[in-house]
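Asks: Let me see the structure of the following:
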Amino acid sequence: MAYDETTFRRPGGDDTPTDPAAYRRRVQYDDTAGTTLDQSLRAPVTTGPVPAVEDERDRLGIHLGWEVVLLVAAGVLGFFLWREDSGALERPALDTLLVTGAAIGLLALGGGLSLRAGVPNLAIGPIALAAAMQYAENSDRGLPQAVVPALIIAAAGALAVSVLVAGLHVPGWAATLGAGFGAVVYVQLRVAPVDVQGDWDPTDQAFLFFGGFAVLAVLGAALGAVGPVRRFVGRMRPTGDPARRPGAAAAVPVVIALLLSSVFAVGAGILIAAQAAKTGEPIVPGTGLEWTGIGVGLALLAGTSAYGRRGGIFGTLFAVTALTLFLDYESRRELDIALFAIAGALMGVGLIVTRLVETYGSPFALGSGEEWNAAPSGGTAANWSPASPETWSTPATPPARSDRWDDGPWGAGR
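Replies: Numbering: from 1, shown residues only. Next comes the predicted model:
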């Protein structure tokens with residue numbers, strides 16, 4: 001019996017292929033299907049990691065692991081410094097080291113806070129240098145007259161930039177860079193280095209300054225690890241179209257981050273100028289962008305994500321300690337490494353850390369399943385159509401046959 005008999009042919013003589021997968025592919029792209037089953041079949045099937053929900057808690061394991069690395073690095077640098085000069089970690093040299101660490105730490109706090117808010121403040125370096133110039137020229141009139149004008153101007157500029165960023169929803173880095181250029185213009189009105197007029201010595205309160213920085217760094221980071229606070233601060237983190245307005249609620253963390261980061265930069269500049277007065281060094285006009293690179297680079301190195309919101313707890317404290325020890329060691333060894341080179345290295349390593357944080361710091365679930373392909377398969381293209389479902393039917397029951405063992409030449413009737 002041949003397989004092309006009528007019994008095994010499809011009714012109607014239609015050679016339309018009967019692959020069930022073709023029907024599933026057709027239903028997936030059929031916009032007219034209205035049943036629940038059709039809707040579920042049309043739902044996209046993804047492969048690979050499923051993006052984490054923004055409200056989920058970020059994982060801190062990668063941050064804690066990286067902070068252990070930073071702590072070990074700070075310990076190694078401290079050992080090298082002690083081996084180079086054991087008196088470097090004793091007073092009065094220790095007081096100078098702590099003041100330097102506090103100044104660098106304030107820049108790192110400003111860079112980290114603005115990064116978490118999604119509006120990196122690239123003006124912190126020029127603001128710090130402008131504040132140092134203001135202090136150098138007016139410190140002989142008293143500390144309030146040298147500090148308060150710098151704080152007022154920095155706060156007013158930060159408010160203006162935050163209104164621009166939040167109101168027009170423009171990138172924070174671009175707006176703050178433009179503001180930084182304004183601070184550079186103020187600095188470069190001086191054609192020669194400026195000697196510090198005052199004699200205030202911040203090393204008398206060295207432990208207070210560095211301790212205050214450490215408390216701000218750790219408590220601020222711990223507060224930022226709380227879910228509602230983290231989501232509130234990171235509202236400007238780009239999701240989807242970066243030009244889409246995030247809403248009026250995102251303006252509050254933008255204003256706070258830019259205002260505080262600018263104030264921290266003023267404090268850093270004043271400490272730098274006051275410490276320069278102790279050593280008799282003048283404040284040299286420049287751009288201050290190297291200090292921006294150091295502040296933002298330290299924040300990235302500490303584990304703060306360049307995309308915003310994510311960050312660790314002890315990373316800023318350990319990173320600032322390591323860099324402070326390295327700068328003192330480099331100065332004693334007379335290596336003469338440019339600050340721009342150090343800032344560039346910090347930025348490069350910090351971006352690698354950002355990639356690690358984004359990869360291992362967000363919760364994800366593995367998707368399963370294979371993505372459907374709506375294209376017709378093999379040689380079925382001629383008869384396949386997504387407009388009409390392909391059907392198949394069970395072959396008709398063949399007619400009853402009599403027992404044929406008795407037929408033929410070997411039958412019993414022979």
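
Asks: Does anything pack onto the helix or strand harbouring Leu98? Which helices or strands?
Replies: Using DSSP states H and E, Leu98 falls within helix 93-116. The contact analysis (3 or more Cβ pairs under 8 Å, 6 or more residues apart in numbering; DSSP states H and E) places helix 93-116 against helix 124-138, helix 206-224, helix 251-279, helix 289-301, helix 315-332. From N, CA and C alone the C-beta is placed, and that goes for glycine too.

Asks: What's the mean pLDDT across stretch 328-335?
Replies: For stretch 328-335, mean pLDDT rounds to 88.

Asks: thinking again about what came up before, need the helices and strands packed on helix 93-116 in a markdown table (columns: mean neighbour count and distance to Leu168).
Replies: Shown next, in a markdown table, are the helices and strands packed on helix 93-116 (neighbours: other Cβ atoms under 10 Å; distance: least, Cβ to Cβ, whole Å):
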| stretch | mean neighbour count | distance to Leu168 |
| --- | --- | --- |
| helix 124-138 | 28 | 22 |
| helix 206-224 | 18 | 26 |
| helix 251-279 | 24 | 11 |
| helix 289-301 | 27 | 23 |
| helix 315-332 | 23 | 30 |
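
Asks: Reformat the ones you listed as a markdown table; add distance to Leu81.
Replies: Formatted as a markdown table, these follow (distance: least, Cβ to Cβ, whole Å):
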| stretch | distance to Leu81 |
| --- | --- |
| helix 124-138 | 25 |
| helix 206-224 | 16 |
| helix 251-279 | 18 |
| helix 289-301 | 18 |
| helix 315-332 | 5 |
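
Asks: Quick check: which of the ones you listed is nearest to Ala156?
Replies: With Cβ to Cβ, the closest approach to Ala156 among those belongs to helix 251-279: 9.4 Å.

Asks: now the stretch 1-150 of the chain, which segments are flagged as low pLDDT?
Replies: Low-confidence segments of the stretch 1-150 of the chain (pLDDT under 70): 1-60.

Asks: where exactly do the helices run in it?
Replies: 20-28, 36-42, 61-84, 93-116, 124-138, 143-168 (DSSP state H, counting those that start in this stretch).

Asks: Report the buried residues of the helix holding Leu98.
Replies: Of all the residues in helix 93-116, those buried under the rule 16 or more other Cβ atoms under 10 Å are 94-116.

Asks: and what of stretch 62-70?
Replies: For stretch 62-70, the neighbour count (16+ other Cβ under 10 Å) marks 62-63, 66-67, 70 as buried.

Asks: Just the CA trace of it, in PDB.
Replies: Extracted in PDB, the C-alpha atoms of stretch 62-70 (Å, rounded to 0.1, in the frame of the first residue of the first chain):
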ATOM      1  CA  ILE A  62      30.700  44.300  45.200                       C
ATOM      2  CA  HIS A  63      31.100  47.600  47.100                       C
ATOM      3  CA  LEU A  64      32.200  45.900  50.300                       C
ATOM      4  CA  GLY A  65      34.600  43.700  48.400                       C
ATOM      5  CA  TRP A  66      36.200  46.600  46.600                       C
ATOM      6  CA  GLU A  67      36.400  48.600  49.800                       C
ATOM      7  CA  VAL A  68      38.500  45.800  51.300                       C
ATOM      8  CA  VAL A  69      40.900  46.200  48.300                       C
ATOM      9  CA  LEU A  70      41.100  50.000  48.900                       C
END
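
Asks: picking that back up, using a markdown table, please lay out the buried residues of stretch 62-70 together with distance to Leu258.
Replies: As requested, these are exported to a markdown table (distance: Cβ to Cβ, whole Å):
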| residue | distance to Leu258 |
| --- | --- |
| Ile62 | 28 |
| His63 | 24 |
| Trp66 | 27 |
| Glu67 | 27 |
| Leu70 | 27 |
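
Asks: Of these, which is the nearest to Gly87?
Replies: Set against Gly87, the nearest of the buried residues of stretch 62-70 by Cβ to Cβ is Leu70 (25.5 Å).

Asks: can I assume the closest one is in contact with Gly315?
Replies: Yes. At 6.1 Å, Leu70 counts as touching Gly315 under the criterion of Cβ atoms under 8 Å.

Asks: Overlap in contacts, these two.
Replies: Counting by Cβ atoms under 8 Å, 6 or more residues apart in numbering, the common neighbours of Leu70 and Gly315 are 301-302.

Asks: where do the helices sit along the stretch 301-414 of the chain?
Replies: 315-332, 339-360.

Asks: I'd like those laid out as CSV, including distance to Ala251.
Replies: Listed next are those as CSV, based on distance: least, Cβ to Cβ, whole Å:
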stretch, distance to Ala251
helix 315-332, 25
helix 339-360, 25
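
Asks: out of these, nearest to Ala132?
Replies: helix 339-360 (14.0 Å).

Asks: Which strands and helices lie in contact with that closest one?
Replies: helix 61-84, helix 289-301, helix 315-332.

Asks: what angle do the helix holding Leu98 and helix 315-332 make?
Replies: Angle between the axes of helix 93-116 and helix 315-332 is 130 degrees (criterion: axes from the mean of the first three to the mean of the last three Cα atoms, to 10 degrees).

Asks: tell me the angle helix 93-116 makes with helix 339-360.
Replies: Per the same axes, to 10 degrees, the angle that helix 93-116 makes with helix 339-360 is 50 degrees.

Asks: rewinding a little: if we compare the helices and strands packed on helix 93-116, which one ends up closest to Val147?
Replies: Val147 sits nearest to helix 251-279 of all the helices and strands packed on helix 93-116, at 6.0 Å, using Cβ to Cβ.

Asks: got the angle for that closest one vs helix 206-224?
Replies: Angle of helix 251-279 versus helix 206-224, following the same axes, to 10 degrees, is 160 degrees.
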